[in-house]
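**Student:** This is the structure alone, sequence omitted:
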Ligand SMILES: Nc1ncnc2c1ncn2[C@@H]1O[C@H](COP(=O)(O)OP(=O)(O)OP(=O)(O)O)[C@@H](O)[C@H]1O
Ligand SMILES: [Mg+2]
């Protein structure tokens, strides 16, 4: 039983990270109907931004309290990664809007390759380790929870709350939902649709950057290929939850995290990714609209 | 009417791909007027409405609003000049509540006059008040029509464009809507450009009207003139007055 609960906790931590990435996939899909295959690399970029900030703090400023360091890493990662994603949308996706459906998809794959190669060239191809930042572990009745896990879950919950508030309660969120539901009508009401789409890319990137920084902190290592597997898992999460649905992305992320850690615990860890991708295949075959999605088959 | 021109459409041609939907249209709407546009299905009425809003843009000709050339302006900037449209098909945001749809209408002023204006809309369409927390997509066709008009009015427009406002409405409700348009026009000087299938009601309401046939204006005149015109009667009023 303790072992099971332990795996649940690990799964939720992992699931938080996937959920944050999945939101970026689902939002972009919702608003322009495009699967942004470069989103995983945006996540990886966020992790590297966090790493660089950490190293700067350690070498140039000679260290800082953990909370301050982490905050700096998160903020800088969010800002730089958002700028990247904003520029990518402007340069690579916007000119293709209105062309045939596969064009932006293929471009996104190209951007994905370009980003991971860019990091490989500028940061090197090897694993980049980071020392344990927070290493306290609490043990309650045989179940251990690390401070890292608590930090990850708390930050995720706080971000999701803020994000939910923006989308549901602010004029910006309303403009995003309107653009998603009827772009032409939104424009007729004075909404700058291009700007709204840009902001969506910025928001998705900011969440992915936080996920990247927390991934770095959780595993203590990052490498230029790390955009791929977590990216595809988060995409699976988005599809499982119902692509286009924001609560679906969060629930899908948590489920994928849980499945991954439970599978690793009770079956063989070598096949944990296979388990995840088998889910993707099953969902696509049997319930392409996902758990909370709308059955809009023609969009896929 | 000696009022100044609010909207001027000159020699406008609009294409869908290679198909020419408007073949050189000239239309003028003066401040404080109600002008209607009648024509058969596929004549290009909705296309003209959307071309004025820049979606699609005219390939040839110019659209001038309040002395400003808006032919090549992006749609959202045209909307910000206070041209509001209740478009064909109503285009209610289906997964937003009635209330949120109205908030979308008030985007231009950042909701500054929202509370005041929404009460006016609820007075005009009490039905919307009852349904305010219902999702737009689940409203009946007539309710959606009321919402589309109310949403356009929430923008405090200088020019209100209505594409078939009486479509799908019970005769009594469409009468109410025409009465409301007339009232807004008389009390607040609201300028209205109207497309209607119900040509009789539209011509009765309008100061002036245009007849559009296959993408060209073939006739224009005062509402009363066109009502009396035998050609118009034969083509658009056959079947009698409603
Ligand atoms: N998006 C489009 N793509 C191609 N052709 C279009 C498009 N929209 C309209 N058309 C064509 O342009 C012409 C004018 O259409 P429009 O919708 O303006 O007519 P309308 O006068 O509003 O008709 P109705 O009374 O049926 O609403 C029609 O022949 C129509 O088939
Ligand atoms: Mg029409």
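**Tutor:** Done, it's in. Every value quoted in this text rests on a predicted model; they were computed, and no experiment measured them. Ligands and ions are numbered 1, 2, ... in the order given.

**Student:** list the contacts for the residue in the stretch 101-250 of chain A positioned nearest to ligand 1?
**Tutor:** Proximity of the stretch 101-250 of chain A to ligand 1 (Cβ to the nearest ligand atom) peaks at residue A:184, 10.6 Å away. Just so you know, the C-beta spots here come from the backbone N, C-alpha and C atoms, and that holds for glycine as well. Listed by Cβ atoms under 8 Å, 6 or more residues apart in numbering or on different chains, the contact set of residue A:184 reads B:55, B:75, B:91.

**Student:** SS state for the first one?
**Tutor:** Right, residue B:55. coil (DSSP: H, G, I helix; E, B strand; the rest coil).

**Student:** Hmm, residue A:271 is touching residue A:277, no?
**Tutor:** No - in this structure, residue A:271 is not within contact of residue A:277 by Cβ atoms under 8 Å, at 10.1 Å.

**Student:** Just grab the bridge partners of the closest residue to residue B:220 other than its chain neighbours for me.
**Tutor:** Nearest non-adjacent residue to residue B:220, counting by Cβ to Cβ, 6 or more residues apart in numbering or on different chains: residue B:210, 4.6 Å away. Here residue B:210 sits in beta bridges with residue B:37, residue B:220, going by DSSP bridges.

**Student:** how many neighbours does residue B:210 have?
**Tutor:** By the measure other Cβ atoms under 10 Å in any protein chain shown, the count of residues near residue B:210 is 25.

**Student:** distance of it from residue B:202?
**Tutor:** Remark: distance between residue B:210 and residue B:202 (Cβ to Cβ, to the nearest Å) = 11 Å.

**Student:** Kindly report the same for residue A:76.
**Tutor:** Plainly put, residue A:76 is 61 Å away from residue B:202 if you go by Cβ to Cβ.

**Student:** Looking at those two, which is more packed in?
**Tutor:** Neighbours of residue A:76 and residue B:202, each counted by other Cβ under 10 Å, are more numerous for residue B:202; the result is 27 against 20.

**Student:** Point me to the helix or strand that includes the more buried one.
**Tutor:** Of the helices and strands defined by DSSP states H and E, residue B:202 is found in helix B:199-205.

**Student:** Around ligand 1, pick out the residues from chain B.
**Tutor:** B:16, B:19, B:21, B:39, B:41, B:42, B:43, B:44, B:45, B:46, B:47, B:88 (Cβ under 6 Å from any ligand atom).

**Student:** Which ones among those lie within helices?
**Tutor:** B:45, B:46, B:47 (DSSP state H).

**Student:** where does residue A:296 land on pLDDT?
**Tutor:** pLDDT for residue A:296: 51.

**Student:** do stretch B:155-174 and chain A meet?
**Tutor:** Yes - contact of stretch B:155-174 with chain A (Cβ under 8 Å from any Cβ of the partner chain) involves residue B:155.

**Student:** what does the average pLDDT come to for that stretch?
**Tutor:** On average, stretch B:155-174 scores 90.

**Student:** Might you calculate how far it sits from the centre of the chain?
**Tutor:** Relative to its chain's centre, stretch B:155-174 lies at 7 Å (Cα atoms, centre = their mean, to the nearest Å).

**Student:** now the end-to-end length of it.
**Tutor:** Start-to-end span of stretch B:155-174 (Cα to Cα, to the nearest Å) is 22 Å.

**Student:** how about that stretch: buried residues?
**Tutor:** By 16 or more other Cβ atoms under 10 Å in any protein chain shown, the buried positions in stretch B:155-174 come out as B:155-167, B:169, B:173-174.

**Student:** Equivalent analysis for stretch A:88-104, please.
**Tutor:** Applying 16+ other Cβ under 10 Å to stretch A:88-104 flags A:88, A:89, A:92, A:93, A:94, A:96, A:104 as buried.

**Student:** Cross these against helices and list the overlap.
**Tutor:** A:88, A:104.

**Student:** Could you check how many residues crowd around residue B:24?
**Tutor:** For residue B:24, using other Cβ under 10 Å, the count is 14.

**Student:** So it sits against residue B:14, correct?
**Tutor:** No - assessed by Cβ under 8 Å, residue B:24 is found out of contact with residue B:14, at 10.1 Å.

**Student:** what's the following helix or strand after the helix ranked longest in chain A?
**Tutor:** Longest helix of chain A, by residue count under DSSP H: helix A:2-32. Going down the chain from helix A:2-32, the next helix or strand is helix A:39-59, by DSSP H and E.

**Student:** Got the confidence number for residue B:242?
**Tutor:** So residue B:242 comes in at 45 (pLDDT).

**Student:** any idea which element the spatially most central residue of chain B lies in?
**Tutor:** Centroid-nearest residue in chain B: residue B:162, 1.7 Å away (criterion: Cα atoms, centre = their mean). Here residue B:162 sits within strand B:159-163, counting by DSSP H and E.

**Student:** now the helices for the stretch 151-300 of chain A?
**Tutor:** Applying DSSP state H, counting those that start in this stretch to the stretch 151-300 of chain A gives helices spanning A:171-181, A:183-188, A:193-219, A:228-241, A:246-266, A:272-286.

**Student:** swap that for chain B, please
**Tutor:** B:45-52, B:75-80, B:98-105, B:114-124, B:126-130, B:141-154, B:171-188, B:199-205, B:223-228, B:230-236.

**Student:** re earlier: quick one: the helices of the stretch 151-300 of chain A as JSON lines, columns for distance to residue B:235 and mean pLDDT too.
**Tutor:** Listed next are these as JSON lines, based on distance: least, Cβ to Cβ, whole Å; pLDDT from 0 to 100:
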{"stretch": "helix A:171-181", "distance to residue B:235": "38", "mean pLDDT": "94"}
{"stretch": "helix A:183-188", "distance to residue B:235": "30", "mean pLDDT": "96"}
{"stretch": "helix A:193-219", "distance to residue B:235": "39", "mean pLDDT": "94"}
{"stretch": "helix A:228-241", "distance to residue B:235": "54", "mean pLDDT": "90"}
{"stretch": "helix A:246-266", "distance to residue B:235": "51", "mean pLDDT": "89"}
{"stretch": "helix A:272-286", "distance to residue B:235": "54", "mean pLDDT": "82"}
